[in-house]
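**Student:** sequence below, structure please.
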Amino acid sequence: TLDMSEQVSMQIFLSICRFLLFGIMIFTTLGATLSALMFGKSAIFADHQSAVGTDLVKFSGLQNMIPVIVFAFVYQQSIPGLAHHVQSREVLGSVFGWALTVVGIWYALMAVVVSWFFGGEIEESSNLNWLSYVGFLSTTIKYFTVCFPAVDVVSAFPLNALTLGNTMLSFCCGEDATQAGKEKKTKFRLLAAVPPICVALSFR
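**Tutor:** You can find the predicted model right below:
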(Lines give C-alpha, C1' and ligand atoms only; values in the text may rest on other atoms or scores of the structure.)
Protein backbone atom coordinates (compact mmCIF):
# COMPACT_ATOMS: atom_id res chain seq x y z
CA THR A 1 0.00 0.00 0.00
CA LEU A 2 3.03 2.29 -0.16
CA ASP A 3 2.98 5.19 -2.60
CA MET A 4 5.57 5.26 -5.36
CA SER A 5 7.46 8.07 -3.60
CA GLU A 6 7.75 5.91 -0.46
CA GLN A 7 9.48 3.13 -2.42
CA VAL A 8 12.22 5.29 -3.94
CA SER A 9 15.03 4.29 -1.56
CA MET A 10 14.29 0.60 -1.86
CA GLN A 11 14.02 0.70 -5.66
CA ILE A 12 17.31 2.63 -5.94
CA PHE A 13 19.00 0.04 -3.73
CA LEU A 14 17.58 -2.79 -5.84
CA SER A 15 18.70 -1.07 -9.05
CA ILE A 16 22.26 -0.89 -7.70
CA CYS A 17 22.05 -4.59 -6.86
CA ARG A 18 20.84 -5.36 -10.41
CA PHE A 19 23.83 -3.64 -11.98
CA LEU A 20 26.09 -5.38 -9.47
CA LEU A 21 24.60 -8.69 -10.58
CA PHE A 22 25.20 -7.78 -14.24
CA GLY A 23 28.79 -6.94 -13.44
CA ILE A 24 29.40 -10.14 -11.49
CA MET A 25 27.96 -12.38 -14.20
CA ILE A 26 29.82 -10.59 -17.01
CA PHE A 27 33.23 -10.17 -15.41
CA THR A 28 33.47 -13.55 -13.67
CA THR A 29 32.57 -15.23 -16.96
CA LEU A 30 35.07 -13.07 -18.86
CA GLY A 31 37.70 -13.92 -16.24
CA ALA A 32 37.00 -17.62 -16.61
CA THR A 33 37.19 -17.38 -20.40
CA LEU A 34 40.47 -15.44 -20.38
CA SER A 35 42.09 -17.72 -17.81
CA ALA A 36 41.10 -20.74 -19.88
CA LEU A 37 42.66 -19.19 -23.00
CA MET A 38 45.85 -18.20 -21.16
CA PHE A 39 46.42 -21.26 -18.97
CA GLY A 40 44.48 -23.99 -20.76
CA LYS A 41 41.82 -24.27 -18.08
CA SER A 42 39.92 -22.10 -15.62
CA ALA A 43 39.53 -22.63 -11.89
CA ILE A 44 36.67 -20.16 -11.48
CA PHE A 45 33.83 -22.62 -12.10
CA ALA A 46 34.11 -26.13 -10.68
CA ASP A 47 32.33 -27.86 -13.57
CA HIS A 48 33.53 -25.64 -16.45
CA GLN A 49 37.26 -25.41 -17.05
CA SER A 50 36.99 -23.79 -20.48
CA ALA A 51 34.52 -22.01 -22.72
CA VAL A 52 32.07 -24.39 -24.40
CA GLY A 53 31.25 -21.94 -27.21
CA THR A 54 28.01 -21.46 -29.08
CA ASP A 55 26.64 -20.43 -32.47
CA LEU A 56 26.76 -16.71 -33.23
CA VAL A 57 23.21 -16.84 -34.60
CA LYS A 58 20.69 -19.62 -34.09
CA PHE A 59 17.06 -19.25 -35.15
CA SER A 60 15.77 -22.55 -33.75
CA GLY A 61 14.84 -20.98 -30.41
CA LEU A 62 13.36 -17.79 -31.82
CA GLN A 63 9.81 -18.76 -30.84
CA ASN A 64 10.93 -19.01 -27.21
CA MET A 65 12.89 -15.77 -27.26
CA ILE A 66 10.23 -13.45 -28.70
CA PRO A 67 7.70 -13.80 -25.81
CA VAL A 68 10.48 -13.15 -23.29
CA ILE A 69 11.59 -10.00 -25.12
CA VAL A 70 8.00 -8.73 -25.41
CA PHE A 71 7.39 -9.35 -21.70
CA ALA A 72 10.66 -7.60 -20.79
CA PHE A 73 9.47 -4.42 -22.51
CA VAL A 74 5.96 -4.44 -21.03
CA TYR A 75 6.21 -1.56 -18.61
CA GLN A 76 3.88 1.02 -20.17
CA GLN A 77 1.22 0.42 -17.52
CA SER A 78 3.59 1.81 -14.88
CA ILE A 79 4.62 4.95 -16.79
CA PRO A 80 1.88 7.21 -15.29
CA GLY A 81 2.85 6.25 -11.76
CA LEU A 82 6.57 6.62 -12.46
CA ALA A 83 6.10 9.92 -14.29
CA HIS A 84 3.83 11.42 -11.65
CA HIS A 85 6.71 12.43 -9.37
CA VAL A 86 8.98 13.78 -12.14
CA GLN A 87 9.09 17.57 -12.04
CA SER A 88 10.37 18.14 -15.61
CA ARG A 89 8.01 16.11 -17.76
CA GLU A 90 9.81 17.13 -20.97
CA VAL A 91 12.78 14.91 -20.05
CA LEU A 92 10.68 11.76 -19.60
CA GLY A 93 11.24 10.59 -23.17
CA SER A 94 15.01 10.81 -22.90
CA VAL A 95 15.00 9.25 -19.42
CA PHE A 96 13.10 6.17 -20.58
CA GLY A 97 15.13 6.06 -23.79
CA TRP A 98 18.45 6.08 -21.97
CA ALA A 99 17.20 3.56 -19.42
CA LEU A 100 16.18 1.12 -22.16
CA THR A 101 19.45 1.68 -24.03
CA VAL A 102 21.71 1.12 -21.03
CA VAL A 103 19.83 -1.92 -19.78
CA GLY A 104 19.66 -3.34 -23.33
CA ILE A 105 23.43 -3.05 -23.73
CA TRP A 106 24.07 -4.74 -20.38
CA TYR A 107 21.67 -7.58 -21.16
CA ALA A 108 23.12 -8.08 -24.65
CA LEU A 109 26.69 -8.14 -23.32
CA MET A 110 25.76 -10.57 -20.56
CA ALA A 111 23.90 -12.82 -23.01
CA VAL A 112 26.87 -13.03 -25.39
CA VAL A 113 29.53 -13.60 -22.73
CA VAL A 114 27.58 -16.09 -20.59
CA SER A 115 26.19 -18.11 -23.52
CA TRP A 116 29.66 -18.31 -25.10
CA PHE A 117 31.25 -19.68 -21.94
CA PHE A 118 28.55 -22.15 -20.87
CA GLY A 119 27.23 -23.02 -24.35
CA GLY A 120 24.55 -25.71 -24.37
CA GLU A 121 25.16 -26.36 -20.67
CA ILE A 122 23.69 -23.02 -19.63
CA GLU A 123 20.78 -23.28 -17.21
CA GLU A 124 17.31 -22.02 -18.17
CA SER A 125 17.85 -19.37 -15.53
CA SER A 126 21.49 -18.58 -16.26
CA ASN A 127 22.31 -17.33 -12.76
CA LEU A 128 22.02 -20.94 -11.52
CA ASN A 129 25.29 -21.73 -13.29
CA TRP A 130 26.96 -19.77 -10.49
CA LEU A 131 26.18 -22.62 -8.08
CA SER A 132 29.50 -24.05 -9.27
CA TYR A 133 31.39 -20.76 -8.84
CA VAL A 134 34.56 -21.25 -6.77
CA GLY A 135 36.51 -18.07 -7.58
CA PHE A 136 37.14 -14.89 -5.59
CA LEU A 137 34.67 -14.37 -2.71
CA SER A 138 33.05 -17.61 -3.82
CA THR A 139 30.41 -17.95 -1.10
CA THR A 140 29.27 -14.32 -1.22
CA ILE A 141 29.15 -14.10 -5.02
CA LYS A 142 27.55 -17.53 -5.39
CA TYR A 143 24.65 -16.88 -3.03
CA PHE A 144 24.10 -13.30 -4.21
CA THR A 145 24.00 -14.34 -7.88
CA VAL A 146 21.72 -17.31 -7.25
CA CYS A 147 19.34 -15.72 -4.73
CA PHE A 148 19.02 -12.07 -5.73
CA PRO A 149 16.97 -12.58 -8.93
CA ALA A 150 14.27 -14.35 -6.91
CA VAL A 151 14.19 -11.51 -4.38
CA ASP A 152 14.16 -8.97 -7.21
CA VAL A 153 11.11 -10.57 -8.83
CA VAL A 154 9.26 -10.36 -5.52
CA SER A 155 10.23 -6.68 -5.19
CA ALA A 156 8.42 -5.87 -8.45
CA PHE A 157 5.10 -7.08 -7.04
CA PRO A 158 4.36 -3.94 -4.95
CA LEU A 159 4.89 -1.75 -8.02
CA ASN A 160 2.53 -3.85 -10.12
CA ALA A 161 -0.06 -4.00 -7.33
CA LEU A 162 0.19 -0.23 -6.90
CA THR A 163 -0.32 0.35 -10.62
CA LEU A 164 -3.29 -2.04 -10.80
CA GLY A 165 -4.85 -0.58 -7.63
CA ASN A 166 -4.58 2.96 -8.98
CA THR A 167 -6.05 1.87 -12.32
CA MET A 168 -9.01 0.21 -10.59
CA LEU A 169 -9.51 3.32 -8.45
CA SER A 170 -9.57 5.55 -11.56
CA PHE A 171 -11.95 3.16 -13.33
CA CYS A 172 -14.41 3.08 -10.44
CA CYS A 173 -14.21 6.70 -9.28
CA GLY A 174 -13.38 8.54 -12.50
CA GLU A 175 -12.20 12.12 -11.96
CA ASP A 176 -12.87 11.80 -8.23
CA ALA A 177 -9.95 9.36 -7.97
CA THR A 178 -7.50 12.25 -7.65
CA GLN A 179 -9.34 13.37 -4.50
CA ALA A 180 -9.53 9.90 -2.96
CA GLY A 181 -8.28 9.57 0.60
CA LYS A 182 -5.61 7.18 1.79
CA GLU A 183 -8.18 4.70 3.15
CA LYS A 184 -9.89 4.33 -0.22
CA LYS A 185 -6.54 4.03 -2.02
CA THR A 186 -5.46 1.35 0.42
CA LYS A 187 -8.64 -0.67 -0.17
CA PHE A 188 -8.11 -0.71 -3.94
CA ARG A 189 -4.44 -1.58 -3.58
CA LEU A 190 -5.29 -4.45 -1.26
CA LEU A 191 -7.92 -5.57 -3.76
CA ALA A 192 -5.18 -5.66 -6.37
CA ALA A 193 -2.56 -7.33 -4.16
CA VAL A 194 -4.38 -9.92 -2.03
CA PRO A 195 -6.08 -12.12 -4.70
CA PRO A 196 -2.82 -12.94 -6.57
CA ILE A 197 -1.17 -13.88 -3.28
CA CYS A 198 -4.08 -16.15 -2.33
CA VAL A 199 -4.10 -17.82 -5.75
CA ALA A 200 -0.33 -18.31 -5.63
CA LEU A 201 -0.54 -19.91 -2.18
CA SER A 202 -3.35 -22.23 -3.31
CA PHE A 203 -1.27 -23.51 -6.24
CA ARG A 204 2.01 -23.62 -4.32
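**Student:** so residue 54 sits in a helix?
**Tutor:** No - using DSSP: H, G, I helix; E, B strand; the rest coil, the assignment for residue 54 is coil, not a helix.
**Student:** that one touches residue 120, doesn't it?
**Tutor:** Yes - contact between residue 54 and residue 120 holds when scored by C-beta atoms under 8 Å: they sit 7.1 Å apart. For glycine as for every other residue, the C-beta is placed from the backbone atoms N, C-alpha and C.
**Student:** these two - which one has more neighbours?
**Tutor:** residue 54 (16 against 9; other C-beta atoms under 10 Å).
**Student:** so how far is the longest helix seen in the chain from its chain's centroid?
**Tutor:** Identified as the longest helix of the chain according to DSSP state H is helix 138-173. Once both centres are worked out by C-alpha atoms, centre = their mean, to the nearest Å, helix 138-173 turns out to sit 9 Å from its chain's centre.
**Student:** may I see the buried residues of it?
**Tutor:** 141-142, 144-146, 148-149, 155, 158-159, 161-170 (16 or more other C-beta atoms under 10 Å).
**Student:** how about stretch 103-122?
**Tutor:** By neighbour count with 16+ other C-beta under 10 Å, stretch 103-122 contains the buried residues 106, 110, 113, 114, 115, 116, 117, 118, 122.
**Student:** so the second one touches residue 22, yeah?
**Tutor:** Yes - using C-beta under 8 Å, residue 110 makes contact with residue 22 at a distance of 5.8 Å.
**Student:** which residues sit in contact with residue 33?
**Tutor:** Neighbour list for residue 33: 42, 51, 113, 116, 117 [criterion: C-beta atoms under 8 Å, 6 or more residues apart in numbering].
**Student:** turn these into JSON lines, including distance to residue 186 and secondary structure.
**Tutor:** Output for the contacts of residue 33, formatted as JSON lines (distance: C-beta to C-beta, whole Å; DSSP: H, G, I helix; E, B strand; the rest coil):
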{"residue": "42", "distance to residue 186": "53", "secondary structure": "coil"}
{"residue": "51", "distance to residue 186": "52", "secondary structure": "coil"}
{"residue": "113", "distance to residue 186": "45", "secondary structure": "helix"}
{"residue": "116", "distance to residue 186": "49", "secondary structure": "helix"}
{"residue": "117", "distance to residue 186": "48", "secondary structure": "helix"}
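**Student:** want to throw the residues you listed into JSON lines with pLDDT?
**Tutor:** Formatted as JSON lines, these follow (pLDDT from 0 to 100):
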{"residue": "42", "pLDDT": "82"}
{"residue": "51", "pLDDT": "81"}
{"residue": "113", "pLDDT": "91"}
{"residue": "116", "pLDDT": "88"}
{"residue": "117", "pLDDT": "89"}
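**Student:** which of these sits closest to residue 69?
**Tutor:** Of all these, residue 113 has the smallest distance to residue 69: 18.7 Å, by C-beta to C-beta.
**Student:** please name the nearest non-neighbouring residue to that closest one.
**Tutor:** Closest residue to residue 113 apart from its sequence neighbours, by C-beta to C-beta, 6 or more residues apart in numbering: residue 29 at 4.9 Å.
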